[in-house]
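Student: next one to model:
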Amino acid sequence: MVKLITYNIEYCEGIAGKWYQYLKFWKIFFPPKHLDQKIVAALRKIKPDILALIEVDTGSLRARREDEVRFLEEKLKLNDFIEKIKYPLQGWLRLFHHLPILNKQANAVISKFKLQDVKYHVFHEGTKRMVIEASVFCPRKVTLLVAHLALGRRARTRQLQELTHIVNRIKNPVILMGDFNTFHGLQEIQDLLRKTHLKDVVSLHAKSIPFTEPAWHPTRRLDYILTSPQIKVKKYSVLKLHFSDHLPLMVDFGFRK
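Tutor: Numbering: from 1, shown residues only. Okay, here's the model as predicted:
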């Protein structure tokens with residue numbers, strides 16, 4: 001079985017999601033010390049084979065490291081990683097690539113398996129537009145898609161339509177995951193599930209609706225791992241790690257015969 005985790009780590013700002021914590025705006029520039037080391041310690045106990053990271057700092061002044069992705073890869077003793085700044089290089093959002101801190105805000109994949117056939121898709125709407133695509137052999141080929149969708153419902157609906165086209169162009173099994181920001185519930189992704197045949201294996205969890213946000217008292221399900229029918233998910237879990245305003249998701253998966 002392959003152990004896969006997707007986790008919005010909120011740039012290691014250490015906010016568990018209580019409303020007043022967001023008033024501590026200085027955490028954007030001065031996050032808690034050693035929080036990334038605490039994340040490493042917790043993940044080491046779980047031993048993921050694949051780790052998808054949402055909202056990771058790749059080396060701004062607040063990170064205190066050259067690259068948090070590389071740090072996590074080395075400390076977790078994984079073998080490969082890819083990272084990509086969330087904002088496109090076209091249009092007015094290209095300005096984000098020249099602003100301190102914003103120019104280092106990324107999503108990433110860290111893997112025990114070599115990452116191949118890497119592509120980056122850019123949504124046409126929203127602020128967070130980057131979708132990471134990469135394939136691994138574990139031992140069969142599976143394509144990973146990592147997305148962080150828009151806060152606004154209209155832009156998010158358009159992004160989900162584009163995700164549907166991306167998934168349907170991939171011939172081998174797919175795992176689509178990330179922070180979808182579905183503030184209006186599961187109904188937002190029903191069209192994607194129907195048109196792609198991806199499966200939501202949430203029923204494998206002990207709770208019928210595993211909320212992931214805010215971490216201190218989850219009341220919303222914003223994070224997802226969706227899988228192709230050829231993938232057999234043995235276990236689906238919401239991990240009780242309170243280092244961010246999101247809780248991470250984990251699946252143990254193999255392949256159907």
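
Student: right, and residue 17 touches residue 220 too?
Tutor: No - when contacts are counted by C-beta atoms under 8 Å, residue 17 is not listed as touching residue 220 (9.7 Å). The way it works is simple: take the backbone N, C-alpha and C, and place the C-beta from them, glycine included.

Student: of those two, who's got more company?
Tutor: Neighbours per residue (other C-beta atoms under 10 Å) separate residue 17 from residue 220, with residue 17 holding more: 20 against 17.

Student: quickly find the element holding the more buried one.
Tutor: Under DSSP states H and E, no helix or strand contains residue 17.

Student: tell me who's in contact with it.
Tutor: Contacts for residue 17 (C-beta atoms under 8 Å, 6 or more residues apart in numbering) come out as 213-217, 245-246.

Student: ditto for residue 142
Tutor: Neighbouring residues of residue 142 by C-beta under 8 Å, 6+ apart: 135-136, 172-175, 228, 231.

Student: pull up the overlap in contacts between residue 17 and residue 220.
Tutor: By C-beta under 8 Å, 6+ apart, residue 17 and residue 220 have these common neighbours: 213-214.

Student: mind exporting stretch 76-94 as PDB, just the C-alpha atoms?
Tutor: C-alpha atoms of stretch 76-94 as PDB (Å, rounded to 0.1, in the frame of the first residue of the first chain):
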ATOM      1  CA  LEU A  76      11.300  12.900   5.900                       C
ATOM      2  CA  LYS A  77      14.000  11.100   3.800                       C
ATOM      3  CA  LEU A  78      12.000  11.200   0.700                       C
ATOM      4  CA  ASN A  79      13.600  11.200  -2.800                       C
ATOM      5  CA  ASP A  80      12.000  13.800  -5.100                       C
ATOM      6  CA  PHE A  81      10.000  16.900  -5.000                       C
ATOM      7  CA  ILE A  82       8.500  19.600  -7.300                       C
ATOM      8  CA  GLU A  83       7.200  23.000  -6.300                       C
ATOM      9  CA  LYS A  84       5.500  25.800  -8.100                       C
ATOM     10  CA  ILE A  85       4.500  29.400  -7.200                       C
ATOM     11  CA  LYS A  86       0.700  29.600  -7.200                       C
ATOM     12  CA  TYR A  87       0.400  32.700  -9.400                       C
ATOM     13  CA  PRO A  88       0.600  32.800 -13.200                       C
ATOM     14  CA  LEU A  89       3.200  34.700 -15.100                       C
ATOM     15  CA  GLN A  90       0.600  36.400 -17.300                       C
ATOM     16  CA  GLY A  91      -1.800  39.300 -16.600                       C
ATOM     17  CA  TRP A  92      -1.800  41.500 -13.500                       C
ATOM     18  CA  LEU A  93      -1.100  38.500 -11.200                       C
ATOM     19  CA  ARG A  94       2.500  38.400 -12.600                       C
END
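
Student: for it, list every residue counted as buried.
Tutor: 76, 78, 80-88, 93 (16 or more other C-beta atoms under 10 Å).
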